[in-house]
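[1] Based on what follows, work out the 3D shape:
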Amino acid sequence: MDYEAGIHWVRGDLRASANLFAMEFREEIAPVGALSLTGSPLRVNVGASHRAASRPSCQWQATARLALVATVAITDARISPLHRRVEAHGVPQRAVTPDPVAVATQSATWRAGRGVTLLADARAVSGSALTSTGNREAVLPAYLLADAAVSWARGASQVTVRVINMLDRLAYGSGYASGGVNYVFPFATRHLMIDVRRAF
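    Predicted structure coming up:
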């Protein structure tokens, strides 16, 4: 079953919205935190599980040139209490998905004039489980990443220079746990990207 609700509010240059959803599953196939011989995640049938989330967001046109956006997503995903005893390869299953509990994003756009636009954005992500066992050691660490860019447009041409991972933080975007060892995949360190576009 799927339940969803949302609200949208506008006043002048300020826009706010909030979306809620709750989903109840039966006989879901969930990852078990182990790998097959081919390296694919093994999954097990789960009798019942649920996911619920709230996602408020706010957009503010602070001035004619400055726009600010902030969004938060909070998620809860678990196996229902009556079905937590399910086991896979002798390992009790407690949580359903490796989704982070909270994700917050913020962005700012400044139109400086003469075709120049400055952009900055950041995202903070809470820790997330690498397995569905509830093991506190098998967790992907929380992280904060920030990017910045400057864009210049004139006629049919546009050039954008973006600095990715501006703070040069060590952060991990995904991973898995197997045999008591956490295997994680890091984001790239600070780097520069240049995008050139020409419309014809």
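
[2] Residue ranges in the chain under the pLDDT threshold?
    30-37, 39, 41, 80-100 (pLDDT under 70).

[3] switch the cut-off to 90
    1, 23-51, 76-101, 128-139, 174-181 (pLDDT under 90).

[4] Give me the residue at the spatial middle of it.
    Centrality entry for the chain: nearest residue to the mean C-alpha point is V103, 5.6 Å, by CA atoms, centre = their mean.

[5] ok, now which ones touch it?
    The neighbours of V103, taking CB atoms under 8 Å, 6 or more residues apart in numbering as the test, are 72-73, 123-126. All C-beta spots, glycine's among them, are computed from the backbone N, C-alpha and C.

[6] Where does it sit, in terms of helix or strand?
    Taking DSSP states H and E as the definition, V103 sits inside strand 102-113.

[7] how about whatever helix or strand comes next after that strand: buried residues?
    Downstream of strand 102-113, the next assigned helix or strand under DSSP H and E is strand 116-125. Of the residues in strand 116-125, 117, 119, 121-125 count as buried by neighbour count, 16 or more other CB atoms under 10 Å.

[8] and the next helix or strand after strand 116-125, how far from the chain's centre?
    Using DSSP H and E, the helix or strand that follows strand 116-125 towards the C-terminus is strand 128-129. A distance of 12 Å separates the centroid of the chain from that of strand 128-129, by CA atoms, centre = their mean, to the nearest Å.

[9] Name every strand pairing with strand 128-129 and say which way it goes.
    Counting by DSSP bridges, the strands paired with strand 128-129 are strand 139-140 (antiparallel).

[10] From the contacts of V103, pick the one nearest D147.
    R123 (8.8 Å; CB to CB).

[11] my guess is the closest one meets A73, correct?
    No: using CB atoms under 8 Å, R123 is not in contact with A73, being 10.4 Å away.

[12] Give the residues shared as contacts by the two.
    Between them, R123 and A73 share the contacting residues 103-104, judged by CB under 8 Å, 6+ apart.

[13] Which residue ranges of the chain form helices?
    Counting by DSSP state H, one finds no helices in the chain.
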